[in-house]
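# Structure for the following, please:
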Amino acid sequence: RRVSPSPVVQELVLAVVKIALVIGALLGLFSLMTWIERRTLAFMQLRLGPNRTGPFGILQPIADGIKLFFKEEVMPAAANKWAFLAAPVLAVATALLAVAVLPYGPPFTTPRLDFLPGWLAWLWPEWLRGRTMQIQIAAIDVGLLFIFAITALGVYGVVLAGWAANNKYGMLGALRSSAQMFSYELALGLSWVGVIMLAGSFQIADIVNAQAGWFWRWNAFLQFPAFVVYFIAATAEVARIPFDLPEGETELVAGFHVEYSSMRFALIQMAEYINMITVAVIATNLFLGGWHSGIPGLPSEGLLGFVWWGGKVAVVLFVFIWLRGTLPLFRYDQLMNVGWKVLIPVAAVWILVTAAGVALLPGLFQVASR
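Prediction:
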């Protein structure tokens, strides 16, 4: 008879599996998103897009990866070598750290698979059968604060990339990025305050469960001004059009990563897409009801919960692509004005409105008790 490992070993094994699953899924989705974005933009602009490599061009991301892997690594002679090499790694590391506390779908119970023969039983041990778990690497009490702290570190990779290359275009892009992220992080954080007050918790799973029931209980409706502020600020945080000023191809060539090539360039692009996926997941969990269907008659547990959750994330990602194919860039003074003169005042006023509602009408808001 096989002896089950200790609870500590069990949790360690599950943590390793979750890390491999989440990071693997993100890397795969990053590759897929490069193809989806190019095909969608081509459709919007009456072009073909990638359509040669594989059916409908689906193998184009693999071809791009092979090309970038074999391209020559170029480094400017006057660049700061170690900082130039460290910047892409730092950008990817902070992007991957931010996903550690995000829940990816509802809790579920693992199947027992009692029909497996004895010689295959080791693949699905007894301690794993019928176990309730969730695809979330770490469930900590201050999940939102952890995300805010880690995403704030993402700007260091961008600034380091622009400064280390010893290129004027790169330095201008790095300065733009630092000012942009500092400006919009304030609005981004303030947009979460009302959501936290309604749920009575910093844990993302608690915030999702507070939105259970009919879809009008989603924070996208109860906290509509905060949702608008979040979406605009998140778009600026990940430097997507119309806030793509750190790269600014029209005036800065490629901005902070102008001197990067080969796999270093691929790492920077990977960090950008993973950050975009992260803010889409956060929007789904905090404002769009997470894995809840929004209609009490439609179940939200098990596989259907993953369907609702994945569909909402896909819609948010599509909106990011839609904006890129529709809107021009802001001027930099307009970017700063929107951040400081519009988003921050709106978010601050809405916090006061939410606080007054929670204090004066607790029955209406149904704040979760701690």
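
# center of this protein - which residue?
The centroid of the chain falls nearest to Thr278 when counting by Cα atoms, centre = their mean (0.6 Å).

# Contact partners for that one?
Listed by Cβ atoms under 8 Å, 6 or more residues apart in numbering, the contact set of Thr278 reads Ala95, Ala98, Val99, Leu102, Thr151. Any C-beta I mention is one placed from the backbone N, CA and C, and that applies to glycine too.

# Could you count how many residues lie near the nearest residue to the second one once chain neighbours are set aside?
Nearest residue to Ala98 in three dimensions, chain neighbours excluded: Ile150, at 4.5 Å (Cβ to Cβ, 6 or more residues apart in numbering). Other residues lying near Ile150 total 19 when counted by other Cβ atoms under 10 Å.

# what's downstream of the strand or helix carrying Ile150, the next helix or strand?
In this assignment (DSSP states H and E), Ile150 forms part of helix 143-164. Downstream of helix 143-164, the next assigned helix or strand under DSSP H and E is helix 168-199.

# tell me how far that next one is from the chain's mean position?
Here helix 168-199 is found 14 Å from its chain centre; the criterion is Cα atoms, centre = their mean, to the nearest Å.

# what packs against that helix?
Judged by 3 or more Cβ pairs under 8 Å, 6 or more residues apart in numbering; DSSP states H and E, helix 168-199 is in contact with helix 143-164, helix 204-209, helix 219-222, helix 224-237, helix 249-252, helix 262-287, helix 332-337, helix 344-360.

# Who are the packing partners of the second one?
I take that to be helix 204-209. Using 3+ Cβ pairs under 8 Å, 6+ apart, helix 204-209 sits against helix 168-199, helix 262-287.

# Contacts for it next, please.
Residues from elsewhere that reach helix 204-209 (Cβ under 8 Å, 6+ apart): 101-103, 134, 136, 139, 143-144, 195-196, 199-201, 219, 285-286, 289-292, 368.

# now this protein, which segments are flagged as low pLDDT?
For the chain, the stretches flagged by pLDDT under 70 are 1-3, 118-122, 250, 363-370.

# Show me what counts as buried in the biggest helix by length in it.
Across the chain, the longest stretch assigned as helix under DSSP state H is helix 7-44. Under the neighbour-count criterion of 16 or more other Cβ atoms under 10 Å, helix 7-44 has 18, 22, 26, 29-31, 33-42 buried.

# All set now, cheers.
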